[in-house]
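**Student:** coordinates only, no sequence provided:
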C-alpha cells in the first residue's frame, strides 16, 4: 500500500544554484504536498561545467536568479542577485537552501527569514573531515555557518554522521536519500536462472571522462578469453552520447570490438536495454540511471562517491569499487554466479520500491519542513 504523504500547510521556498532537469520531478512532487505552493529560485551554472538546466516545472513555480560567478576553483564564489526580492515576493513560510559556504547571498536570505520569524533548513551532501593547514579554523567556520539553520537535510547516512561529528545536533538532521525516480510501476522483471548466451553488461549515461567508461572497456577486455580458456567476456552495451564518444568508440575498436554503442536513448527507448541486461555498471561518478536500472531488477557496480551511493548500493545488491583497477576482478566475481546475481537484482528492486524513491524523498522533506514550521508557530 502506498504511503499517504503528510501535507505542508504553508508556502515553501527552495534556493538552488542551478535547477537540473532530473530534479524537476522531485520539486513538482514536493509542490503537490504544499497547500500554499512551492517556488524554486535558481540560476545558471558556469559554462565550463556543462551542467544541463531547466526552467520547466509543471506544478512548482520557478524564479530565475542572476548568478554572479566569482573567481575560479578552488576559490570559486557565487552571488545570486534577486534572492531577497524573490523572498519578499514569494513570502515563504519555510525556506530550504543549499548548505554551501561559497554562496555569498545565503546569509542575507537566512537573516530575512529570521527577521520574519520563519525557519530555514539547509540541504547538502555532508561535511567531510577537513585536513591540512588551518583545518581547525575552517571547521569552526563551517560549524558557525551550519548553526544558522534550524535543521539540515542530507542525502545519506554518511552525510548525517559528518554533520553530527562536526557538532550539529543529530536530532535536527534528516536523511532524505537522493532519488531520481519514482517507485517502480511494474513488478520485478523475471529473468532466466541461467545466462542466455553471454552475460549482458550495461552502461547508461553521458559519455564523459568522469564516468570512466574507458575503465569498463579495459576491464571487459581483461576477462579471460583465448585458446583453452572459457570465454568470460560479456556482451557490453554502452548507451549514451557525449564528448568522449568518438574516443571511446576508437578505444573499443582496439581492445573490445564487440562493444555496442547504440547512442542516446531516453524514456521508453531505454526499456529494452534494461530488460536485456544482467548487470549495470557505472565505473565513475554521477549516474542518474542507476535507480532506473535497479527498478528493472539489476544488480549494480559503481565507483565510490560522496556517500549518496552508500545507501543505494550495498553488499546485498551490488559492489562499490575500491578503485578503478579493481573493476575487472569485481566483474569476474559478479558474473561467476548467476543465482547470486539474480538475488542481488531482486534486492535492488526492493530498495527502490521501499526505501529510495521520489515519494519517500518527498515524505521526508515534508516531515522535516512541518516539524520546523510547527515549532515556530507554537
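**Tutor:** Sure thing, it's come through. If you're wondering where the values come from, they're calculated on a predicted model, not measured in any experiment.

**Student:** okay, CA-based contacts and neighbour counts for the rest of this
**Tutor:** Noted.

**Student:** who's in contact with the residue nearest to residue 46 when sequence neighbours are not counted?
**Tutor:** With sequence-adjacent residues excluded and distances taken as Cα to Cα, 6 or more residues apart in numbering, residue 46 is closest to residue 69, at 7.1 Å. Residue 69 makes contact with 46, 76, 77, 78, 79, according to Cα atoms under 8 Å, 6 or more residues apart in numbering.

**Student:** by neighbours, which of these wins?
**Tutor:** Comparing those by number of neighbours (other Cα atoms under 10 Å), residue 78 comes first, having 20 neighbours.

**Student:** quick check: phi and psi on that residue?
**Tutor:** phi -140, psi 130 (degrees, to the nearest 10).

**Student:** among the contacts of residue 69, which two are most distant?
**Tutor:** 46 and 79 (12.5 Å; Cα to Cα).

**Student:** which strand residues bridge the residue nearest to residue 46?
**Tutor:** Residue 69 has these beta-bridge partners by DSSP bridges: residue 78.

**Student:** name the nearest residue to residue 235, ignoring sequence neighbours.
**Tutor:** Per Cα to Cα, 6+ apart, closest to residue 235 is residue 200, 4.7 Å.

**Student:** what is the neighbour count of the one you found?
**Tutor:** Neighbours of residue 200 using other Cα under 10 Å come to 20.

**Student:** ok, it to residue 119 distance?
**Tutor:** Separation of residue 200 from residue 119 (Cα to Cα, to the nearest Å) stands at 50 Å.

**Student:** which strands and helices lie in contact with the lowest-mean-pLDDT helix or strand in the chain?
**Tutor:** None of the helices or strands of the chain scores lower by mean pLDDT, DSSP states H and E than helix 308-312, at a mean of 79. For helix 308-312, the elements it packs on are helix 157-166, judged by 3 or more Cα pairs under 8 Å, 6 or more residues apart in numbering; DSSP states H and E.

**Student:** what sits up against the helix it packs on?
**Tutor:** Residues contacting helix 157-166 (Cα under 8 Å, 6+ apart): 124-129, 139, 143, 154, 170, 173-175, 307-308, 310-311.

**Student:** from the residues you listed, which land in strands?
**Tutor:** Of the contacts of helix 157-166, the ones assigned to strands by DSSP state E are 124, 154, 173, 174, 175.

**Student:** just the local confidence number for the spatially most central residue of the chain, please.
**Tutor:** Geometric centre of the chain, nearest residue: residue 178, 5.0 Å, by Cα atoms, centre = their mean. Model confidence at residue 178, given as pLDDT, is 90.
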